[in-house]
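**Q** Prediction below, plus the sequence it came from.
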Amino acid sequence: MSTNNLFTKCVHSGEITDTQFKGAVSPIFMATSYAYFDVDQLRYPRYFNTPNQEAIGKKIADLEGAEAGLPFASGMAAISNTLLAFLQKGDHIVLQKDIYGGAFHFAEETLEKYGIEYSFTKGIEIADFQREIQSNTRMIYCETPSNPLLKIVDIKAIAKLAKKHQLISVVDNSFASPINQNPIALGMDIVIHSATKYLGGHSDLLAGVVVSSKENIDIIFQTGKNFGGNLSHFISYLLERSIKTLAILNF
């Protein structure tokens with residue numbers, strides 16, 4: 001994480017230097033094929049490591065105070081890949097009652113197919129989350145402010161509860177954006193964004209992002225590359241463009 005202010009992070013974190021023409025914005029790298037021999041890294045779009053994909057992952061990770069990030073083709077791709085990366089048959093997840101409809105339906109319609117158990121809280125107080133924890137619970141998932149009712153949960157208390165029970169804590173931070181709220185600083189393990197909303201800002205792109213520790217991102221990557229939900233190079237470029245003015249929301 002850099003020590004730059006919000007404006008500098010929004011404009012410069014993760015940017016790609018135009019070494020050929022010295023342009024002021026990151027160039028777009030449209031290739032799907034890259035050199036295989038005599039290179040430091042094997043690049044392929046499905047591996048989330050083409051230049052524009054890496055740029056957006058670094059930018060949002062820096063804004064959130066995280067070690068690393070992965071850009072996905074939608075917010076739901078970010079959510080589903082994150083959950084399936086850590087949950088397996090026999091595991092249980094506690095989900096906040098008031099969450100984005102897509103995430104709610106993913107839990108109801110998909111998790112049981114993988115043998116994953118789930119419970120929705122009856123309210124949004126910490127006691128409601130505590131009440132749903134079982135012996136096989138592995139993750140707590142929350143969203144604050146929630147979409148669309150703007151319910152607020154105590155992020156720091158959720159993180160503390162998760163650590164007490166050695167659970168993975170995940171929060172959807174889409175509505176607050178990293179300008180107004182940084183859940184990792186409050187103890188959460190994983191932060192998810194539907195970048196279609198405030199990070200995109202112009203209603204012209206569909207994207208999602210996950211940020212966390214490098215260790216967690218490496219685990220999510222293994223699932224993500226198999227499901228193939230990576231963000232395209234062009235949309236990655238558009239998203240980086242959008243975030244350059246994101247900090248203006250703070251004023």
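**A** Good, I have the coordinates. Numbering: from 1, shown residues only.

**Q** which strand is the longest one in this structure?
**A** Looking across the chain with DSSP state E, the single longest strand is strand 137-143.

**Q** Parallel or antiparallel, which strands does that strand pair with?
**A** The strands beside strand 137-143 in its sheet (DSSP bridges) come out as strand 92-95 (parallel), strand 168-172 (parallel).

**Q** contacts for it?
**A** By CB atoms under 8 Å, 6 or more residues apart in numbering, the residues outside strand 137-143 that reach it are 83, 86-87, 91-96, 98-100, 103, 129, 133, 153, 155, 158, 161-162, 165, 167-172, 174-175. Just so you know, the C-beta spots here come from the backbone N, C-alpha and C atoms, and that holds for glycine as well.

**Q** Tell me which of the strands paired with strand 137-143 lies nearest to Y47.
**A** strand 168-172 (22.9 Å; CB to CB).

**Q** Show the subsequent helix or strand relative to that closest one.
**A** Using DSSP states H and E, the helix or strand that follows strand 168-172 in sequence is helix 177-180.

**Q** Tell me the helix or strand right after the longest strand of the chain.
**A** Downstream of strand 137-143, the next assigned helix or strand under DSSP H and E is helix 155-164.

**Q** Among the strands paired with strand 137-143, which comes closest to K9?
**A** strand 168-172 (19.9 Å).

**Q** gap between that closest one and the chain center?
**A** 10 Å (CA atoms, centre = their mean, to the nearest Å).

**Q** That one vs helix 155-164, what angle?
**A** 160 degrees (axes from the mean of the first three to the mean of the last three CA atoms, to 10 degrees).

**Q** Please list all residues in contact with F104.
**A** With contact taken as CB under 8 Å, 6+ apart, F104 is in contact with L95, F120.

**Q** what's the answer for P71, then?
**A** Counting by CB under 8 Å, 6+ apart, P71 touches 48, 53, 56-57, 60, 195, 207-209, 230-231, 236, 239.

**Q** Run a quick neighbour tally on the closest residue to it other than its chain neighbours.
**A** Nearest residue to P71, sequence neighbours excluded (CB to CB, 6 or more residues apart in numbering): L231, at 3.9 Å. L231 sits with 29 neighbouring residues when counted by other CB atoms under 10 Å.

**Q** contact partners of the helix or strand where V11 lies?
**A** Using DSSP H and E, V11 sits in helix 6-12. Residues external to helix 6-12 that are found in contact with it (CB under 8 Å, 6+ apart): S2, N4, K59, D62, L63, I179, I243, K244, T245, L246, A247, N250.

**Q** at 10 Å instead, please
**A** With CB atoms under 10 Å, 6 or more residues apart in numbering as the test, helix 6-12 has contacts from 1-4, 24-25, 59-60, 62-64, 178-179, 240, 242-251.

**Q** in the following helix or strand past it, what counts as buried?
**A** Following helix 6-12 in sequence order, the next helix or strand is helix 51-64 (DSSP H and E). For helix 51-64, burial by neighbour count (16 or more other CB atoms under 10 Å) applies to 51-64.

**Q** Name whatever forms a beta bridge with F120.
**A** The partner residues for F120, given DSSP bridges, come to L95.

**Q** That one: how many residues sit nearby?
**A** 17.

**Q** Which pLDDT value does the model give it?
**A** What the model reports for F120 is a pLDDT of 98.

**Q** No more questions from me, cheers.
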